[in-house]
Structure formats: structure tokens, C-alpha cells
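Asker: this one's structure only:
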């Protein structure tokens, strides 16, 4: 993993353009999610969408995690069913810089507990992002996420984290979804972070899937939301905002 970087204004503008493209692609993919399709179908669409915007996507940069699957699950011939939830996690490269984004969407109608899982994870991301400002520390982000998730009866996945991003998809620092206020690396203007709460209805423990991804060890549902942000003196700026 590359060391943490402070991005210059010109680099941030490229990342901003890439983030807008990524958000548009995720929104287009979201509209295609329905019962009966496979995640391979979504992967083919992702390839088409990314190319149409003049960006690049490596094969492993699009992950489609269903229900108990957490992250890094590659597209497959698995068919989506009504009541499933699907995490769409995509990183693209635009003019030499990466942005990363994830959302979890319902497949048809879902029950109230599952709706709550999606709502709480998305809100936890928003709370974590609010802590990404100069002078704060990595622990402030993780603490805000963990406190809100656990208060609402869910568990954060501690073994998978957010990260720095820019010239590489994964750069320092790690951005855990748990922590203590005032602890960890001090945040500075110009840092680019991918903040991504991963939340489960069960205990939050993980195990490997056969295709190289991760799933919950107790087969409980898992949810994933992610944004790429830049830290500014005015506060966090979401580069992948829809």
C-alpha cells in the first residue's frame, strides 16, 4: 500500500471529475437492479458505462455482494431474487486517479429490519464523513460510525476498512469503522479518503467466500456504503456525491 498523500488543487479537480463520473455510473447501475438478473449482467453494463465516460475499470474493481456477502465478491451467474439486497462497489480510474464508491440497494421489496440496516449504514457514513476535517483524527471517524451503528442494534465489520485513495486504489491511511476520539493519524487539508462503513445484522465476524470475497461468519445480512472525499479547511467535500 502506498503512503498517504496530500493532493494538490489540480489533482483534486481531476478526482472531482472522476468522482462525478463514478456517481453517474453507480446511479445508472442502481436503476438496472431487479429480480431475475445476474450480477455478471451488471458487470457488462458497468464496463459499457465506464468506457462511455472515457474512464477505466480493472476487472477486480467492480464487486457485487448479495445478502450475507460483505465485500470483494466478483460478479457471477448468481441470479438476484426479490427480497435480496445488493452492494455495488466500483472503483474507476480517470486521468490517472482513482475514485471509489459503494451503495447497497434493495432487490424488489425488502422487510422493515433490512430497510433499517440500509438506512443506518448510510447515515453512519454521513456521520463519519462529518468528522473528516483538518485537526481531527482517524479515530474520530471510526468512533462516529461505530457509536451510531451499535446504538441502533447492528455491528460494524472491524476486519475490513476504508482507506486513502488517489494514484492507487488503496493508499495509506487505513480508515477503520471503529475507534476512539482523538486517536490515530491527524487529518490534514488535501487528504483523499474512501470512507466505507460495512455493517451487519449479526455479530460482525467475517469469513472468506469461495470466490475470494468476504461474507458474515454467521450468515447475517451485510450492508456497505462508501464515498470518496477530500478534506478541506471548509470541511469534507464528497467527490462521489450523487
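Answerer: Yep, that arrived. Keep in mind it's a predicted model, so treat the numbers as computed, not measured.
Asker: for the helix or strand containing residue 173, name the packing helices and strands.
Answerer: Element membership for residue 173 (DSSP states H and E) is strand 171-175. Other elements packing on strand 171-175 under the criterion 3 or more CB pairs under 8 Å, 6 or more residues apart in numbering; DSSP states H and E are helix 138-151, strand 162-164, strand 192-195. (Each C-beta comes from the backbone N, C-alpha and C, glycine too.)
Asker: pick the most deeply packed of those.
Answerer: Highest mean neighbour count among these (mean count of other CB atoms under 10 Å): strand 192-195, with a mean of 27.
Asker: contacting residues around it?
Answerer: Contacts to strand 192-195, defined as CB atoms under 8 Å, 6 or more residues apart in numbering, come from residues 5, 7, 12, 15, 100, 125, 128-129, 132, 141, 162-166, 173, 175, 226-231, 239.
Asker: among these, which lie within strands?
Answerer: Counting by DSSP state E, the contacts of strand 192-195 place 100, 162-164, 173, 175, 227-231 in strands.
Asker: grab the longest helix from the chain for me.
Answerer: Criterion DSSP state H: the longest helix present in the chain is helix 9-32.
Asker: next, the angle from the very next helix or strand once past it to helix 9-32.
Answerer: Sequence-wise, the next helix or strand downstream of helix 9-32 (DSSP H and E) is helix 39-52. With axes from the mean of the first three to the mean of the last three CA atoms, to 10 degrees defining the directions, helix 39-52 sits at 140 degrees from helix 9-32.
Asker: pLDDT on helix 39-52, on average?
Answerer: In this model, helix 39-52 carries a mean pLDDT of 97.
Asker: could you point out which element follows it?
Answerer: Following helix 39-52 in sequence, per DSSP H and E, is strand 62-66.
Asker: neighbouring strands for that next one, and are they parallel or not?
Answerer: strand 85-94 (antiparallel) (DSSP bridges).
Asker: pLDDT on the strand it pairs with, on average?
Answerer: The pLDDT scores in strand 85-94 average 98.
Asker: neighbours around the nearest residue to residue 140 once chain neighbours are set aside, how many?
Answerer: Using CB to CB, 6 or more residues apart in numbering and skipping residues adjacent in sequence, the residue nearest residue 140 is residue 131, 4.2 Å away. Look at residue 131: counted by other CB atoms under 10 Å, it has 21 neighbours.
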